[in-house]
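pasting the sequence and the predicted model now:
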Number of protein chains: 2
Amino acid sequence: MNATELILKKREGKSLTESELRFLVQGYVDGSIPDYQISAFLMACYFRGLAKDETATLTRLMLHSGTVIDLSDIPGIKVDKHSTGGVGDKVSLILAPIVAACGVPVPMISGRGLGHTGGTLDKLESIPGFRSGLSIEEYKNVIRKTGLVMIGQTREIVPADKKMYALRDVTGTVESIPLIAASIMSKKLAEGIDALVLDVKTGRGAFMQSLEHAADLARIMIDIGAEFNKEVLAFVTDMNNPLGVAIGNWLEVVESVECLRNTRGTNDASSDLMEVTYTLAGAMIMIGKKAGTIHQGITKAREAVHDGTAYAKFLELVEVQGGDRDAITNLERYPVSRFSLEVKSAARGTLQSIDPLELGLTAISLGAGRKKVDEAIDPKAGILLKKKMGDSVLPGDVLAMLFTDREEILQEARERIRNAFRISQQPAAPPPLIVSMIDQKGQRSWPPK
Amino acid sequence: MNATELILKKREGKSLTESELRFLVQGYVDGSIPDYQISAFLMACYFRGLAKDETATLTRLMLHSGTVIDLSDIPGIKVDKHSTGGVGDKVSLILAPIVAACGVPVPMISGRGLGHTGGTLDKLESIPGFRSGLSIEEYKNVIRKTGLVMIGQTREIVPADKKMYALRDVTGTVESIPLIAASIMSKKLAEGIDALVLDVKTGRGAFMQSLEHAADLARIMIDIGAEFNKEVLAFVTDMNNPLGVAIGNWLEVVESVECLRNTRGTNDASSDLMEVTYTLAGAMIMIGKKAGTIHQGITKAREAVHDGTAYAKFLELVEVQGGDRDAITNLERYPVSRFSLEVKSAARGTLQSIDPLELGLTAISLGAGRKKVDEAIDPKAGILLKKKMGDSVLPGDVLAMLFTDREEILQEARERIRNAFRISQQPAAPPPLIVSMIDQKGQRSWPPK
């Protein structure tokens, strides 16, 4: 067996056997197969796809390239959530404490910002002192104690994916649905989960811009889950607009804390964020057998916010992972950016949409994300939206606030943000936020009709 | 500009601009762009193709990555021939001296065996003392003096192609028609030619197995030639059967010398080889303005063989490039293989075809070719065909002779060769040897009706 033959086989659209895939994955991890053969193979995968069993086999091989954490000695059904990434998507920060407060253990390994989207890990690390780099032993101790743990990928977990993902990122081979599915699922399976709820984003601010691709990805991940006897339930949610009001790491922590404290009104600018959060949380609570249905789970989730147990769980998590509890209880003490700037409307009308891709890219230029993989992030930087879809806008109204230490970027950023707001005389017709639910039985509308 | 963006652009099926292609080619040659990005790019090219102007631009960039030899101070229209590679294809060895003897200078840079096909360079080097590694200065001196020169690729010529070809070979990206065209044409243009005659092989023993792909390749190379103001004329020729009787380096030199000496009958087993040789030579002589038409060129070529001037030219070339003239004039003095074996027929009937792919692969296992790029070749090893298409065969008739120093391979090789001969009771219907001629005006049958 040699790598060139296997590249040719995939190039001709054939399926690789388990031993052939093992040869490639093991050879890549141990260095006997060079990057340049794997990148050609990945590009052939992009064009030819992977069959269902190939995708499951690739996932299994990547999973077993490293440590698979065993949480079976921890009571309860361990359920995690994964989002394919959006703009303003701080759902994990709010949802994880809610679900844990409802008695369902949440083991969560998150990633950093990718492309124009933020990463849960970067957001958590904006909390002073917060340690996301726990050892596997610490990880198990934290979830045992708190019912919740939130860390970054460790060296022991899925090294094959780590190496392959870095290669895909620089060889134009990220956007392959089976490769995305295998990458996500290998990492999630390594966490020690029993089940997974997926938030597959679709629309202009998502990696899967079309609904069809989003549903494909969801189905492939559900199929992989079934291969491993792990229940996977997916929601396809809209990412044609940013979620909530904050984009930028600490700004998103602040919004999350305010949501957890229930200090934002029920019909305010974060309500889209909370609708997604409650729906996903409800599903996790149902799967974790702490509610009979998703709707009962949603009711429990709302109660956990209202009675303060979710916020208390969040503070507990911050403390146990080394974060500064006072920074959360006194949000106003956090350092502020050197520059803050209002973006004002020139138009009159109704806000139709806010381009999440432009917001995400502008947030990066303000310092909230990375242009190169090893760049430092400015946790203070970002954007706060002052108008949301459906709001009436008059000329001179503040649409958003920018926060940055980078003076040279201010004017350009202001123009980009202003142009991201689409205002017209028509009544707004926002797309449904939760497009559908997909499980092993198929896809159906959500909420059920 | 960065390489990942350009990979994505090609992956999406878009054309790259000249400055984008320059960024990739220069970056690859100077090492600033790694192998793994170029291999992903090449795989995207395999799937998406290259537009006509992209192919010409890539050719130009590769050409100017090294020295472009200037032969303008040497009188005459310099014409080379290139074959896409076949089994038993020793045409260059016979044709180059014929064309040079007719007064058309032939500057020829050849390659080594590739896959199951032989290489002119390996054949020449089987002549004791023959130096194929001339400097560019020596190359110019030899063609000035002899009207003919035959060398291998030098380090100075098209380094971009050398590096890229080695990468394509191990990443499953060889079989892209525009990449093949750019690779061939950049090398040929670097030789200092004024015009080129192409022999594009099609059929089971060829790299382009379908006629359609062969014609596509021919057209793309003709288009590239037009961009550089070089006349390119192509013949599509059949490679569903081996050419002539010898496969293996020295064995092919012997057959070539016998053809040049005109000691083989006009209707003998080498007549297919000579039909291709005379046709290509006739075209070169016509393009070199030593004949008014291809048919007049063919007549001149036949005369050069009959009157011995072509053979004399070959001897002159061997001598001036350091080869042992006596080895050619006394072919029987050459060392012989430790083992020779007859392959006998078990069947009775008419020989329909001989599988050139099986012959080529078996010849490699006998020692006539390389399985790895740095393997040594046994110049004595190979196969001599004793029956040709259309011959009657009785059980026990000798079909072929094998020559090798490798005892362990004999039985398997005999079986493979025997099975390569397709014998049946039907009358043989050999495919036309020269399928068509293609020039800038289009494709037409050959000979013209």
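Structure received.

so where is chain A shaky, pLDDT-wise?
Scanning chain A for pLDDT under 70 picks out A:265-267.

how about the residues of chain A by chain B?
Counting by C-beta under 8 Å from any C-beta of the partner chain, chain A comes close to chain B at A:3-4, A:7-8, A:11, A:34-44, A:46-47, A:167, A:169-173. In this view, the C-beta of every residue, glycine as well, is placed from N, C-alpha and C.

in ChimeraX, how would I select the buried members of these?
Per 16 or more other C-beta atoms under 10 Å in any protein chain shown, the buried members of the residues of chain A next to chain B correspond to this ChimeraX selection:
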select /A:3,4,7,8,11,34,35,36,37,38,39,40,41,42,43,44,46,47,167,170,171,172,173
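
quick one: contacts of stretch A:50-58?
Here stretch A:50-58 makes contact (C-beta atoms under 8 Å, 6 or more residues apart in numbering or on different chains) with A:15-16, A:18, A:21, A:25, A:178-179, A:181-182, A:220, A:223-224, A:227-228.

could you redo the last one with a cut-off of 10 Å?
The contact list for stretch A:50-58 (C-beta atoms under 10 Å, 6 or more residues apart in numbering or on different chains) reads A:10, A:14-22, A:24-25, A:45, A:49, A:59, A:160-161, A:164, A:176-179, A:181-183, A:185-186, A:219-221, A:223-228.

now the strands for chain A?
A:79-83, A:106-110, A:148-152, A:195-202, A:231-238, A:246-247, A:339-344, A:349-354, A:382-385, A:392-393, A:398-404, A:421-424, A:434-439, A:442-445 (DSSP state E).

winner for burial among these?
With neighbours defined by mean count of other C-beta atoms under 10 Å in any protein chain shown, none of the strands of chain A is more surrounded on average than strand A:246-247, at a mean of 30.

helices and strands around that one, which ones?
helix A:249-261, helix A:356-363, strand A:382-385 (3 or more C-beta pairs under 10 Å, 6 or more residues apart in numbering or on different chains; DSSP states H and E).

nearest to B:V232, out of the ones you listed?
With C-beta to C-beta, the closest approach to B:V232 among the helices and strands packed on strand A:246-247 belongs to helix A:356-363: 47.1 Å.

ok, A:E138 - how many residues close by?
15 (other C-beta atoms under 10 Å in any protein chain shown).

against A:R131, how distant is it?
Using C-beta to C-beta, to the nearest Å, A:E138 is found at 8 Å from A:R131.

A:V398 too?
Noted for A:V398: a distance of 37 Å to A:R131, by C-beta to C-beta.

quick check: A:A420 touching A:A400?
Yes - in this structure, A:A420 is within contact of A:A400 by C-beta atoms under 10 Å, at 8.5 Å.

and for the two, which residues touch both?
Joint contacts of A:A420 and A:A400 (C-beta under 10 Å, 6+ apart) are A:343, A:354, A:359, A:362, A:383, A:385.

tell me the contacts of A:D70?
Applying C-beta under 10 Å, 6+ apart to A:D70 gives the contacts A:136, A:140, A:192.

distance check, the first one against A:G192.
In this view, A:I136 and A:G192 are 9 Å apart by C-beta to C-beta.

now do the second one
Between A:K140 and A:G192 the computed distance is 8 Å (C-beta to C-beta).

list residues touching both of the two?
A:69-71, A:74, A:107.

and those residues, which two are furthest apart?
Pairwise distances across those (C-beta to C-beta) peak at 11.2 Å, for the pair A:D70 and A:P107.

and the contacts of A:D70 as a markdown table, adding neighbour count?
Formatted as a markdown table, the contacts of A:D70 follow (neighbours: other C-beta atoms under 10 Å in any protein chain shown):
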| residue | neighbour count |
| --- | --- |
| A:I136 | 15 |
| A:K140 | 19 |
| A:G192 | 22 |
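
ok so, going back, common neighbours of A:D70 and A:P107, please.
Jointly contacting A:D70 and A:P107 under the rule C-beta under 10 Å, 6+ apart are A:140, A:192.

thinking again about what came up before, just the buried residues out of the contacts of stretch A:50-58, in PyMOL syntax.
Selection of buried members from the contacts of stretch A:50-58 for PyMOL, criterion 16+ other C-beta under 10 Å:
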select buried, chain A and resi 10+15+16+20+21+22+24+25+45+49+59+160+161+164+176+177+178+179+181+182+183+185+186+219+220+221+223+224+225+227
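
now, which of the contacts of stretch A:50-58 lie within helices?
Among those, the ones falling in helices (DSSP state H) are A:10, A:18-22, A:24-25, A:45, A:59, A:160-161, A:164, A:177-179, A:181-183, A:185-186, A:219-221, A:223-227.

all the helices of the stretch 51-200 of chain A, residue numbers only.
Assigned by DSSP state H, counting those that start in this stretch, the stretch 51-200 of chain A shows helices spanning A:52-63, A:91-101, A:120-125, A:136-146, A:159-170, A:177-190.

center of chain A, which residue is that?
A:S83 (3.6 Å; C-alpha atoms, centre = their mean).

so that residue bridges to which residues?
Beta-bridge partners for A:S83, by DSSP bridges, are A:D199.

got a list of what it touches?
Taking C-beta under 10 Å, 6+ apart as the criterion, A:S83 is in contact with A:89, A:91-92, A:95, A:110, A:117, A:120, A:184, A:197-201, A:206, A:235, A:237, A:239, A:243, A:276, A:280.

so for A:E138 and A:R131, which residues contact both of them?
A:151, A:320-321.

want to throw the residues you listed into JSON lines with distance to B:E125?
Putting these into JSON lines (distance: C-beta to C-beta, whole Å) gives the following:
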{"residue": "A:I151", "distance to B:E125": "62"}
{"residue": "A:V320", "distance to B:E125": "73"}
{"residue": "A:Q321", "distance to B:E125": "69"}
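
nearest to chain B among the residues you listed?
A:I151 (28.6 Å; C-beta to the nearest C-beta).

pretty sure the closest one contacts A:K187?
No - A:I151 sits out of contact with A:K187 when judged by C-beta under 10 Å, with a separation of 11.7 Å.

joint contacts of these two?
A:109-110, A:157.

can you list the residues you listed in CSV and add distance to B:T299?
CSV is the format used below for the shared contacts of A:I151 and A:K187 (distance: C-beta to C-beta, whole Å):
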residue, distance to B:T299
A:I109, 79
A:S110, 80
A:I157, 76
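
from these, pick the one nearest A:W446.
A:S110 (24.5 Å).

so who does that closest one touch?
Neighbouring residues of A:S110 by C-beta under 10 Å, 6+ apart: A:80, A:82-83, A:92-93, A:96, A:119-124, A:132, A:150-153, A:187.

6 Å - rerun?
A:S110 makes contact with A:120-121, according to C-beta atoms under 6 Å, 6 or more residues apart in numbering or on different chains.

partners of it in the sheet?
Beta bridges link A:S110 to A:G152 when assigned by DSSP bridges.

on that earlier part again, buried deepest among the helices and strands packed on strand A:246-247, which one?
Greatest burial across these, using mean count of other C-beta under 10 Å, falls to strand A:382-385, with a mean of 26.

who are the packing partners of it?
The contact analysis (3 or more C-beta pairs under 6 Å, 6 or more residues apart in numbering or on different chains; DSSP states H and E) places strand A:382-385 against strand A:246-247, strand A:398-404.

Provide the contact partners of stretch A:349-358 at residue level.
Looking at what lies outside stretch A:349-358 - C-beta under 6 Å, 6+ apart - the contacts are A:87, A:116, A:204-205, A:239, A:241-242, A:387, A:389, A:391-393, A:416, A:420-425, A:428.

nothing else from me, thank you.
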